[in-house]
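1. sequence unavailable; structure follows:
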């Protein structure tokens, strides 16, 4: 390779093109992290120039790695593929376009013409495709249209085409987050340049105002100093092209562009791991002659949707969805754990099977097809809106927060089982998760457990029978499938409201309510505003006497909090009541307003309110009781369990 420092002006003045591969990420630099520091550096250099100071040091802007493409042709502009540095090159172009447009707006046509030499290539008659080759920087397709409008057009054209992003009565672009990033960068630099030229911003370094005018002020007042405005403008754009340098690295035949790219980016991690994965894939496609642009458009483009860039939190990690998808994808394929913080390394390791002669994918196209298939399934799991068995599974899974099942769910859904068998397997998974939660069993090792299930089915076969056999054979606390006897005992006696928390208790009660409905009911859909209510209230002491008709004293209530004994004495009876009131037998669903209105009131008052306002089947059943006590709670618990064991079935081995 050839490497050396070069001024921005020399880099951009040469008649050549810098083409950003279609698979590289969009323009992502922003005001706080990049534009403001960059502008402050430019402004400082301009002040040095105007002050006549000796300019001893250039400002370095990092590296630009280029790879020559195509041989020499007198009828074509020489082009380079940008391996690294596209964000810098794009920013330089946007800054210069803003300076050019400001020069045109104030009548400095010669200055605008000079700046244009760094934006567009000359000699259009020596171009095969003038509409493309005239641009020195050719960005990704995502940014291309707006970039062309900025660099190849003028401010009037921008305002006409993107008027919704401009103030109605001011020549200013909004800095809202909804403004496209390139247009926002252009607006930022234009405003800074305008302020510095039309004020004394560049005259007094001791009291700088690098941010320029605030968004709430009128245009900056004209400068009353002796320095002509055109001289100040020249100082700003010339500071960039003369005083800023990059390290230009031009790769030669035999240099591995991807290794250099990864070395520059992975260790400092300015790129997302998913960016590194994507670049690695398409670099390999390019090297294999598999038409990367066509592969990108056919298989990768869905991953460019904003859905995949949404940040989510799983465990201690907060990352874009695509990163969690890639981790789940790899884990599901290898039936092993994946370190999310080392995702790029994990992906490269995944591509290298243990046996030396094996190849994970025969072509890059097959690799991308596999990613696209799994990506569609993962999106269905996350969106939870489809009418398929997978969509229903993902909605039922949501309250239980068991995302560690995703690798297995994806492999299952893309297996060769028929649709009915897949649906039944998903039902078994939900039963496994819910039964274990009701029985108070741990979720601590679910990540390893579900990967073990994948490994077992890979070794045997992907079938419902093999899955059932494996699940029923587990004996450890981290993986056993609770049988009906244990499930019933915990259902009736465990404090579900506190053990499961209201969200999960509500999910259980909703499924039971739906199961109770018949074809004669108006709807099988429940309102999202329902909340869990205790029939016998948590504060039962005032209106709910003990079975013998007595009311406990405050001392007895206090004493019951310090014992677990449920003997026949008063305190033991209080302990038993306090436990049973938290079980499923004493829980129902109400709207929040109705819940608040009945709250701690007596049972007959609750029945009247339920009869008048509630349409739920389970609430109609409650009102059929003449009284409500411990025996009624246990009896209702057994009744609800008769449905629960059918909803969350134990599979038959």
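-> In hand now; what should we look at? Please read all numbers here as calculations on a predicted model, not as lab measurements. Numbers count the residues shown, from 1 in each chain.
2. which element follows the helix or strand hosting residue 604 toward the C-terminus?
-> Assessed by DSSP states H and E, residue 604 sits inside helix 603-613. Going down the chain from helix 603-613, the next helix or strand is helix 617-622, by DSSP H and E.
3. which parts of that next one are buried?
-> Within helix 617-622, the residues scored as buried using 16 or more other C-beta atoms under 10 Å are 618, 619, 622. Yep, even glycine has a C-beta here, placed from its N, CA and C like the rest.
4. thought the second one was touching residue 590?
-> Going back to what we said before, that points to residue 619. Yes - with contact defined as C-beta atoms under 8 Å, residue 619 reaches residue 590; the gap is 7.5 Å.
5. any residues in contact with both of these two?
-> Overlap of the contact sets of residue 619 and residue 590 (by C-beta atoms under 8 Å, 6 or more residues apart in numbering) consists of residue 610.
6. returning to what we had before: packing partners for the helix holding residue 604?
-> Helices and strands touching helix 603-613, by 3 or more C-beta pairs under 8 Å, 6 or more residues apart in numbering; DSSP states H and E, are helix 592-598, helix 617-622.
7. these: lowest mean pLDDT?
-> If those are sorted by mean pLDDT, helix 592-598 sits at the bottom with a mean of 71.
8. neighbours around residue 105, how many?
-> For residue 105, the neighbour count with other C-beta atoms under 10 Å is 15.
9. tell me the pLDDT at it?
-> pLDDT, residue 105: 94.
10. again with residue 79
-> In this model, residue 79 carries a pLDDT of 89.
11. need phi/psi at the closest residue to it other than its chain neighbours.
-> Among residues not flanking residue 79 along the chain, residue 17 sits closest, at 4.2 Å (C-beta to C-beta, 6 or more residues apart in numbering). Main-chain dihedrals, residue 17, degrees, to the nearest 10: phi -120, psi 140.
12. related to what we said a few turns ago, would you format the buried residues of helix 617-622 as a markdown table with distance to residue 492 included?
-> Shown next, in a markdown table, are the buried residues of helix 617-622 (distance: C-beta to C-beta, whole Å):
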| residue | distance to residue 492 |
| --- | --- |
| 618 | 16 |
| 619 | 20 |
| 622 | 17 |
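13. returning to that earlier point: quick one: average pLDDT of the helix holding residue 604?
-> Taken as a whole, helix 603-613 has an average pLDDT of 84.
14. cool, and stretch 316-330?
-> 93.
15. got it, and stretch 333-347?
-> Mean predicted lDDT for stretch 333-347 stands at 92.
16. gap between the two ends of it?
-> 11 Å (C-alpha to C-alpha, to the nearest Å).
17. list the buried residues in it.
-> 333, 334, 335, 336, 338, 340, 343, 344, 346, 347.
18. same thing with stretch 275-282?
-> Here stretch 275-282 shows 275, 276, 277, 278, 279, 280, 281, 282 as buried, counting by 16+ other C-beta under 10 Å.
19. what does stretch 295-308 give?
-> Judged by neighbour count (16+ other C-beta under 10 Å), stretch 295-308 contains these buried residues: 295, 296, 299, 300, 303, 304, 308.
20. please apply the same query to stretch 404-416.
-> Neighbour-count burial for stretch 404-416, counted by 16+ other C-beta under 10 Å, picks out 404, 405, 406, 407, 408, 409, 410, 411, 412, 413, 414.
21. what's the answer for stretch 304-320, then?
-> 304, 308, 314, 319, 320.
22. ok, and the closest non-adjacent residue to the first one?
-> Pointing back at residue 304 there. residue 142 (6.9 Å).
23. can you check the second one too?
-> By the measure of C-beta to C-beta, 6+ apart, the closest residue to residue 308 outside its immediate chain neighbours is residue 322, 4.1 Å from it.
24. quick one: average confidence on stretch 634-652?
-> Across stretch 634-652, pLDDT averages out at 96.
25. scan the protein for its longest strand.
-> Taking DSSP state E as the criterion, the chain has its longest strand at strand 59-69.
26. next, the buried residues of that one.
-> 61, 63, 64, 65, 66, 67.
27. from what I can see the first one touches residue 241, true?
-> This means residue 61. No - counting by C-beta under 8 Å, residue 241 is not a contact partner of residue 61; they are 12.0 Å apart.
28. need the overlap of contacts for these two.
-> Between them, residue 61 and residue 241 share the contacting residues residue 8, judged by C-beta under 8 Å, 6+ apart.
29. list the contacts for residue 117?
-> So residue 117 contacts residue 13 (C-beta under 8 Å, 6+ apart).
30. residue 73 now?
-> For residue 73, the contacting residues are residue 128, by C-beta under 8 Å, 6+ apart.
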